[in-house]
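In: Any chance you could fold what I've pasted below:
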Amino acid sequence: MSARQICRCGVAVALLAVASYISVPFGPVPFTLQTLVLALLPVALGGRDALVAVALYLLLGAAGLPVFSGMSGGAGHLLGPTGGYLWGFFVGTALDALVLRLRAIPEPVRGVAGAALLLLTSYVCGTIQLMTVMGMGVEAALAAAVIPFVIPDVVKMLVGVSVGYRVRRALSVSAMDLA
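Out: Prediction:
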């Protein structure tokens, strides 16, 4: 990685941490701005660097740094009721990166499709872990931790993708440089 990529990944980790600080308790899963930043990162940085940033964010949080929602940290968060959403961020970012590499699809469609896949992956991983840890049924888990978030998360994803393209233009990075 170049010094520029390392700096951009560091800023991305900081953005994720700040986005998680903006947290409104809402049942077992808090409302945060993490999904906005997660949608922005692959478009702005490219898939590989976005994946590195999300991995670093999760490692820092697991090590106990207060980067998760509510200014908290620790490995327990990755194993607790909302940990699946955090794991889903990583898996979803990897899938988003793959979608962004599909040159047969127009670029703006790739950005939105990748973000949608990231969100869906986070919901699936998060719901499964929430059900497992809390002993909830699928209907209760979806009602508590997915359905209330769908519309705000879709809006945040669309804003994140749009801002991601603007950031990429401001950084003068071409789509080919991000592949």
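
In: what's the most centrally placed residue in the chain in contact with, if anything?
Out: For the chain, the residue nearest the mean C-alpha position is Leu38 (3.4 Å; Cα atoms, centre = their mean). By Cβ atoms under 8 Å, 6 or more residues apart in numbering, the contact set of Leu38 is 16, 54, 89, 92-93, 115, 118, 122, 160. Placement of C-beta: from N, CA and C, glycine included.

In: Could you check whichever strand or helix holds Arg169 and say which residues are buried?
Out: Assigned by DSSP states H and E, Arg169 belongs to helix 150-170. Applying a neighbour-count criterion of 16 or more other Cβ atoms under 10 Å, one finds 153-154, 156-158, 160-165, 167-168 buried in helix 150-170.

In: Now do that helix: which elements does it pack against?
Out: helix 34-45, helix 107-134 (3 or more Cβ pairs under 8 Å, 6 or more residues apart in numbering; DSSP states H and E).

In: right, so those: which one is the most enclosed?
Out: Highest mean neighbour count of the helices and strands packed on helix 150-170: helix 34-45, a mean of 29 (counted as mean count of other Cβ atoms under 10 Å).

In: Report the angle between it and helix 150-170.
Out: On the basis of axes from the mean of the first three to the mean of the last three Cα atoms, to 10 degrees, helix 34-45 is oriented at 30 degrees to helix 150-170.

In: Kind regards, and thank you for your time.
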